[in-house]
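> attaching a predicted model along with its sequence, questions to come.
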Protein chains: 2
Amino acid sequence: MFAQAATAHAPTAPFRGHQRLAEARPAPASFSPDQPHQIAFFEANEEVYAQGERANALYQVEFGAVRLYRLLSDGRRQISAFHVAGEVFGFEADGHHHFFAEAVGPAGIRVFRQPANEGNWRQTLDAALGALVRAQEHLLVIGRQNAAERVAAFLLDMMERQDNAREVQLPMSRTDIGDYLGLTIETVSRTFSKFKSKGLVRLANTRTVEVVDEAALRAMCA
Amino acid sequence: MFAQAATAHAPTAPFRGHQRLAEARPAPASFSPDQPHQIAFFEANEEVYAQGERANALYQVEFGAVRLYRLLSDGRRQISAFHVAGEVFGFEADGHHHFFAEAVGPAGIRVFRQPANEGNWRQTLDAALGALVRAQEHLLVIGRQNAAERVAAFLLDMMERQDNAREVQLPMSRTDIGDYLGLTIETVSRTFSKFKSKGLVRLANTRTVEVVDEAALRAMCA
DNA sequence: CGTTCAATTGAGGAGAGTCAATGAAGGTGG
DNA sequence: CCACCTTCATTGACTCTCCTCAATTGAACG
């Protein structure tokens, strides 16, 4: 059918119950509502929550990464966001989750079982607005940029989230990147190769990208 | 350059000051913070606010429609959302607008100059979360659906916002639709024509679509 | 009735997708 | 420790959708 491809995905078999819960440490400064909470450990590809599930908590990544995604009935998948350490996700509207959330690799996630209230609404709102801006900016990338521009934007975004280190770690697979950028795994791979041959990046290994010519990458996504 | 096309756009010349302000009527139930506010009238393509501007208000569409968009340096445009009567927009993060907002046609917009506070945070948060879900769902459409599926999804969305009337009014141009769906104006037009020849819709005029076979349209976007 | 701008339609090409084969990496068990 | 297997990534050949360029039609307005 052509139709923007995307690897077919069945939602991962539920692992719920496998996760071990740990006693809570003090929450990081970025998000610390006044409530009891705990850290859950997830293994790679384990589901955090499913689309349609009742939503009754917010989540903050402690370590590792999480992908939020949605599926079409034929298995096409769109990852709407990755979340890394410190970031908050799990917002819902009308009391239900509209997306799936899975750990990309092994991950620790702090769970806040208490919804937005008088005491924490400002933090919740700020986090939600940040997510909104990110989603809308991603729309521009997916809707109007070509493959090279998308990959460049992705690399720069990942770099920024890792304190602008030249060595960028990619916690996710090529398939994940493709499903995030609205491309196929092959196109992502070819684009990486082209960047490499142009001397824009070096690939230490599949999951490690050294950004050689940051300026050139920035110029690409205008 | 190919690159997902999109008609080149310069932000419309600022019309600020042209708008006439009217005394406020009671706000509709959907959003009514306890504060003084007023209704501003905008003519077609008039700017409501610009990217980068300091944000100090929320807006609710009274009549007409508004487009939110972002530009690439070469003029490619991505409309991230349309807003019609009753809907709230103008959220910001870090105190600045990250998008342009323009009236699609003549529009009336209620302006709430007071930011989120203890009294209205719930409404603000709900509106923001609704926008977030919409944006993320739109990512799936743009990232993973083909032209026909995108247009079908768009028509159904517009229909739903107009109380599911079979006669759907499109306040925006083909160019706007293209820039919203990540397509060119030609592809949008061709897709409409194909729908028409298949008997899925009838086009009373350019801006009026009669949905004949809703089921078929729904089946398209799975 | 001419002007103007938006929308439609056509012809052709380019970018990304599909299908398929090869290569590299990691885990398991003999 | 190595052979085997599985999974992921890369690369190539070919196809197809949608974009580009261009001409035509249609609608609105003075």
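Good, I have the coordinates. Residues are numbered from 1 along each chain as shown, chains lettered A, B, ... in the order given.
> what's the burial count for A:Asp67?
Careful, residue A:67 is Arg and not Asp. Neighbour count of A:Arg67, defined by other C-beta atoms under 10 Å in any protein chain shown: 24. Heads up, the C-betas are built off the backbone N, CA and C, glycines and all.
> shouldn't it be within a helix?
No - looking at A:Arg67 with DSSP: H, G, I helix; E, B strand; the rest coil, it is strand, so not inside a helix.
> can you give me the strands for chain A?
Remark: strands assigned in chain A by DSSP state E are A:21-22, A:37-42, A:47-49, A:58-63, A:65-71, A:77-84, A:88-89, A:100-103, A:107-112, A:167-169, A:201-205, A:208-211.
> partner strands of the second one, with direction?
Right, the one you point to is strand A:37-42. Paired neighbours of strand A:37-42 in the sheet (DSSP bridges): strand A:21-22 (antiparallel), strand A:107-112 (antiparallel).
> from those, which stretch is densest packed?
Among the strands paired with strand A:37-42, strand A:107-112 has the highest mean neighbour count (mean count of other C-beta atoms under 10 Å in any protein chain shown), at a mean of 22.
> can you list the domains in chain A?
Using automatic domain parsing, the domain parsing of chain A gives A:21-138, A:146-220.
> what's the closest of the ones you listed to DNA strand C?
Of all the domains of chain A, it is domain A:146-220 that lies closest to DNA strand C, at 2.9 Å by C-beta to the nearest atom of the strand.
> pretty sure A:Gln169 contacts A:Thr208?
Yes - A:Gln169 lies in contact with A:Thr208 (C-beta atoms under 8 Å); the separation is 6.0 Å.
> give the residue farthest from the middle of chain A.
Computed with C-alpha atoms, centre = their mean, the residue of chain A farthest from its C-alpha average is A:Glu118, at 28.6 Å.
> ramachandran coordinates for that residue?
Note on A:Glu118: its backbone torsions stand at phi -60, psi -30 [degrees, to the nearest 10].
> nearest the geometric middle of chain A, what residue?
Residue closest to the mean C-alpha point of chain A, counted by C-alpha atoms, centre = their mean, is A:Phe82 at 0.5 Å.
> relative to B:Gln114, how far out is it?
Taking C-beta to C-beta, to the nearest Å as the measure, A:Phe82 falls 35 Å from B:Gln114.
> show me where chain A dips below the pLDDT cut-off.
Scanning chain A for pLDDT under 70 picks out A:1-37.
> hmm, 50 instead?
Along chain A, the parts satisfying pLDDT under 50 run over A:1, A:10-29.
> quick one: the helices in it?
A:121-144, A:147-161, A:174-181, A:185-197, A:214-220 (DSSP state H).
> now mean neighbour count and distance to B:Leu156 too, for those, in JSON lines please.
Below are the helices of chain A laid out as JSON lines (neighbours: other C-beta atoms under 10 Å in any protein chain shown; distance: least, C-beta to C-beta, whole Å):
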{"stretch": "helix A:121-144", "mean neighbour count": "22", "distance to B:Leu156": "19"}
{"stretch": "helix A:147-161", "mean neighbour count": "21", "distance to B:Leu156": "27"}
{"stretch": "helix A:174-181", "mean neighbour count": "23", "distance to B:Leu156": "24"}
{"stretch": "helix A:185-197", "mean neighbour count": "17", "distance to B:Leu156": "29"}
{"stretch": "helix A:214-220", "mean neighbour count": "15", "distance to B:Leu156": "35"}
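> nearest to A:Leu72, of the ones you listed?
Closest of the helices of chain A to A:Leu72 is helix A:174-181, at 11.4 Å (criterion: C-beta to C-beta).
> do I have it right that the residue farthest from the centre of chain A meets B:Gly119?
No - applying C-beta under 8 Å as the test, A:Glu118 and B:Gly119 come out as separate, 10.7 Å apart.
> adding distance to DNA strand D, write the strands paired with strand A:37-42 out as CSV.
Shown next, in CSV, are these (distance: least, C-beta to the nearest atom of the strand, whole Å):
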stretch, distance to DNA strand D
strand A:21-22, 27
strand A:107-112, 17
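> which stretch among those comes nearest B:Arg144?
B:Arg144 lies closest to strand A:107-112 among these, at 24.8 Å (C-beta to C-beta).
> touching, A:Pro171 and A:Ala65? I think so.
Yes - assessed by C-beta under 8 Å, A:Pro171 is found in contact with A:Ala65 at 4.3 Å.
> quick one: the closest residue to A:Ala127 other than its chain neighbours and DNA strand D, what's the gap?
The spatially closest residue to A:Ala127, leaving aside those adjacent along the chain, is A:Val88, at 4.4 Å (C-beta to C-beta, 6 or more residues apart in numbering or on different chains). Counting by C-beta to the nearest atom of the strand, to the nearest Å, the gap from A:Val88 to DNA strand D is 27 Å.
> try A:Ala103
From A:Ala103 to DNA strand D the distance is 14 Å (C-beta to the nearest atom of the strand).
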